[in-house]
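**Q** Build me a model:
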Amino acid sequence: MRYHYKIWPQASPHPAFPNERSAWIAILNVRIAHVATHSPPTKQFEAVVDSGSGDTLFHASIGRSIGIKVEKGIAAGMGGIIKSKKTTAYFHDVNLYVGTDIIKIRAGFREDLSVAGILGRRGFFEHFIVTFHPPMA
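**A** Numbering: from 1, shown residues only. Next up is the predicted model:
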């Protein structure tokens, strides 16, 4: 399967890359469903394909919308490559819908995500071979 990148115009040029007028990011439209309750899947939402993320993560509100009691999941402290406060993700088994594929994965749910979903190494990359081909300027 091939998916196109999402391109965002930049409000102002990056100081180190002044000729770039837009930024690209790998986005997939996905859906999830709660395995334990056999919930119907969510509507499609955008998730960032992030090879730097160890885990697949979704915003807690998406989990609640399909009946997941987020805080009852397996709690794991999380941080990032930039030192900041630690936060907690709560892991649950979900079905991940990508195109025509349905994969049972364990994903984390967090309140503080700035996006709806992050497709990381555990839960996403272990099921797909992914190559990145950035758009040409």
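
**Q** mind listing the strands in this structure by residue range?
**A** 6-9, 22-25, 27-34, 45-49, 57-59, 74-78, 87-98, 101-110, 117-119 (DSSP state E).

**Q** Just put those strands in TSV and tack on distance to residue 67.
**A** From N, CA and C alone the C-beta is placed, and that goes for glycine too. Shown next, in TSV, are these (distance: least, CB to CB, whole Å):
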stretch	distance to residue 67
strand 6-9	29
strand 22-25	30
strand 27-34	5
strand 45-49	17
strand 57-59	14
strand 74-78	17
strand 87-98	10
strand 101-110	12
strand 117-119	17
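
**Q** Mean pLDDT lowest where, among those?
**A** Ranked by mean pLDDT, the strands of the chain bottom out at strand 6-9, with a mean of 78.

**Q** next one: it to chain centre, how far?
**A** Strand 6-9 has its C-alpha centroid displaced from the chain centroid by 18 Å (CA atoms, centre = their mean, to the nearest Å).

**Q** Which of the strands of the chain sits closest to residue 126?
**A** The closest of these to residue 126 is strand 101-110. By CB to CB, the value is 8.5 Å.

**Q** partners of that closest one in the sheet?
**A** Sheet pairing here is set by DSSP bridges, and for strand 101-110 it gives strand 57-59 (parallel), strand 87-98 (antiparallel).

**Q** Nearest to residue 112, out of the ones you listed?
**A** Between residue 112 and these, the tightest spacing by CB to CB is seen for strand 87-98, at 5.5 Å.

**Q** just the CA coordinates of the closest one, formatted as CSV?
**A** What follows is strand 87-98 as a C-alpha-only set of coordinates in CSV (Å, rounded to 0.1, in the frame of the first residue of the first chain):
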residue,chain,number,x,y,z
THR,A,87,3.6,11.0,32.2
THR,A,88,1.6,7.8,32.4
ALA,A,89,0.2,5.7,29.5
TYR,A,90,-2.4,3.0,30.2
PHE,A,91,-2.2,0.0,27.9
HIS,A,92,-5.2,-2.0,26.5
ASP,A,93,-5.7,-4.5,23.8
VAL,A,94,-7.4,-3.0,20.7
ASN,A,95,-8.0,-3.9,17.1
LEU,A,96,-6.2,-1.5,14.8
TYR,A,97,-7.7,-1.0,11.4
VAL,A,98,-5.2,0.1,8.7
